[in-house]
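Asker: turn this into a model:
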Amino acid sequence: MEIAAKAAVVNGGASRVWVRYAWVAGILFVIALLAESVASTGPGVSQDDSAAKIAQALYDHRDRGFLVGYLSVVYAVMFLIYLSKLYDLLRGDLDRPRFLGSLVPVGGAFFVALHAVSDIGITGLLGAKLASFSFQHDQGVAYTLYLMTYALDSVGDVFGSLFAGAVGVLVIESGVLPRWLGWVSILGGILLFLQSFGLGGVIASFGLVLDLIGFLLLLIFILVSSVIMLTRENAHPFTAGTTEKMTRSSSF
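Answerer: This next block holds a predicted model:
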């Protein structure tokens with residue numbers, strides 16, 4: 001019994017360390033995504049520019065495609081780690097609607113997957129091969145793929161709106177995080193949904209504006225929730241009192 005109690009203590013301590021890492025992943029996601037966004041603005045073009053200008057800019061800044069891809073690998077992995085822990089936190093109460101709980105991992109996974117396809121797959125492909133080919137032979141290739149990144153991001157944000165809306169409602173109902181943070185998530189979800197009618201700026205410029213604001217609100221939610229939960233974990237370490245309680249329980 002004593003050995004089992006010690007094993008439980010060790011496993012509990014290790015589990016608490018991994019929980020802290022999970023919330024740190026949320027912070028790293030925000031940092032990596034902001035860095036990727038800065039790197040993406042390097043070419044200085046928009047979806048309204050001509051095919052010739054876009055092809056020229058992507059060719060001149062093709063090395064940035066690698067940087068964007070590398071940073072996107074980091075944010076994609078970090079978000080999934082954060083998502084798994086957030087889902088565990090929000091599904092703690094079995095009386096909550098399972099419908100909303102299911103939208104959290106489903107919406108979140110599709111959200112990050114589509115962004116990763118855009119930022120890792122297409123942007124990386126442009127940097128590695130197609131920016132040079134398009135500049136030399138067919139400017140339409142770079143133009144099409146560049147606009148496709150906006151379209152994929154917009155579709156990803158539609159699923160992100162489901163994630164953000166469900167998370168916001170669950171936060172408000174459960175009280176596991178400040179209620180104002182739940183409203184931030186809901187507002188971000190609404191804007192991410194509405195941006196799709198402008199396809200993130202490809203169809204109409206309002207789509208890009210709504211997308212940027214909604215995405216910023218989502219980042220605020222992820223960053224603040226990660227900091228709050230990390231602070232709580234650090235404030236409640238695995239204490240001797242917990243160890244004693246486990247030892248007593250195992251003796252029965």
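
Asker: for this protein, what are the low-confidence residue spans?
Answerer: Along the chain, segments meeting pLDDT under 70 span 1-18, 42, 92-97, 236-252.

Asker: burial count for D49?
Answerer: By other Cβ atoms under 10 Å, 16 other residues sit near D49. (C-beta placed from N, C-alpha, C; glycine too.)

Asker: next one: D88
Answerer: 11.

Asker: which parts of the stretch 101-250 of the chain are helices?
Answerer: For the stretch 101-250 of the chain, the helices defined by DSSP state H, counting those that start in this stretch cover 123-125, 131-136, 139-174, 179-194, 205-235, 240-251.

Asker: now these in a markdown table, with distance to Y70?
Answerer: Shown next, in a markdown table, are those (distance: least, Cβ to Cβ, whole Å):
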| stretch | distance to Y70 |
| --- | --- |
| helix 123-125 | 9 |
| helix 131-136 | 16 |
| helix 139-174 | 16 |
| helix 179-194 | 25 |
| helix 205-235 | 20 |
| helix 240-251 | 41 |
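
Asker: looking at those helices, which is closest to V19?
Answerer: Among the helices of the stretch 101-250 of the chain, the nearest to V19 by Cβ to Cβ is helix 205-235 (5.8 Å).

Asker: just checking, L210 touches I190?
Answerer: No: judged on Cβ atoms under 8 Å, L210 makes no contact with I190 at a distance of 9.1 Å.

Asker: quick one: which of these two has more around it?
Answerer: Under the neighbour definition other Cβ under 10 Å, L210 and I190 were set side by side, and L210 has more, 23 against 17.

Asker: tell me the contacts of the more buried one?
Answerer: The neighbours of L210, taking Cβ atoms under 8 Å, 6 or more residues apart in numbering as the test, are 191-192, 194-195, 198.

Asker: what does K53 give?
Answerer: Contacts of K53 by Cβ under 8 Å, 6+ apart are V45.

Asker: and it, which of the three is it?
Answerer: helix (DSSP: H, G, I helix; E, B strand; the rest coil).

Asker: how much space separates it from I190?
Answerer: 34 Å (Cβ to Cβ, to the nearest Å).

Asker: S46 too?
Answerer: Distance from S46 to I190, counting by Cβ to Cβ: 25 Å.

Asker: distance from the chain centre to the helix or strand where V74 lies, please.
Answerer: Assigned by DSSP states H and E, V74 belongs to helix 62-90. When distances are taken as Cα atoms, centre = their mean, to the nearest Å, helix 62-90 is centred 6 Å away from the chain's centroid.

Asker: flag every buried residue along that helix.
Answerer: Of the residues in helix 62-90, 62, 64-65, 67-69, 71-83, 85-87, 89-90 count as buried by neighbour count, 16 or more other Cβ atoms under 10 Å.

Asker: ditto for stretch 149-167
Answerer: Those would be 149-167, for stretch 149-167 by 16+ other Cβ under 10 Å.

Asker: between the contacts of L210, which is closest to L34?
Answerer: Lowest distance from L34 to those (Cβ to Cβ) belongs to L192, with 17.2 Å.

Asker: hang on, the closest one packs against V155?
Answerer: No: L192 is beyond contact range of V155, at 10.9 Å (criterion: Cβ under 8 Å).

Asker: distance check, the residue nearest the centre of the chain against S50.
Answerer: Residue closest to the average C-alpha location in the chain (Cα atoms, centre = their mean): F79, at 4.4 Å. Computed as Cβ to Cβ, the F79 to S50 distance reads 34 Å.

Asker: then A142?
Answerer: Taken as Cβ to Cβ, the span from A142 to S50 is 11 Å.

Asker: contacting residues for I220?
Answerer: 184, 188.

Asker: if we use 6 Å, what do you get?
Answerer: Contact analysis of I220 by Cβ atoms under 6 Å, 6 or more residues apart in numbering lists V184.

Asker: what about V202, how many residues close to it?
Answerer: Using other Cβ under 10 Å, V202 is surrounded by 18 other residues.

Asker: cool, thanks, talk later.
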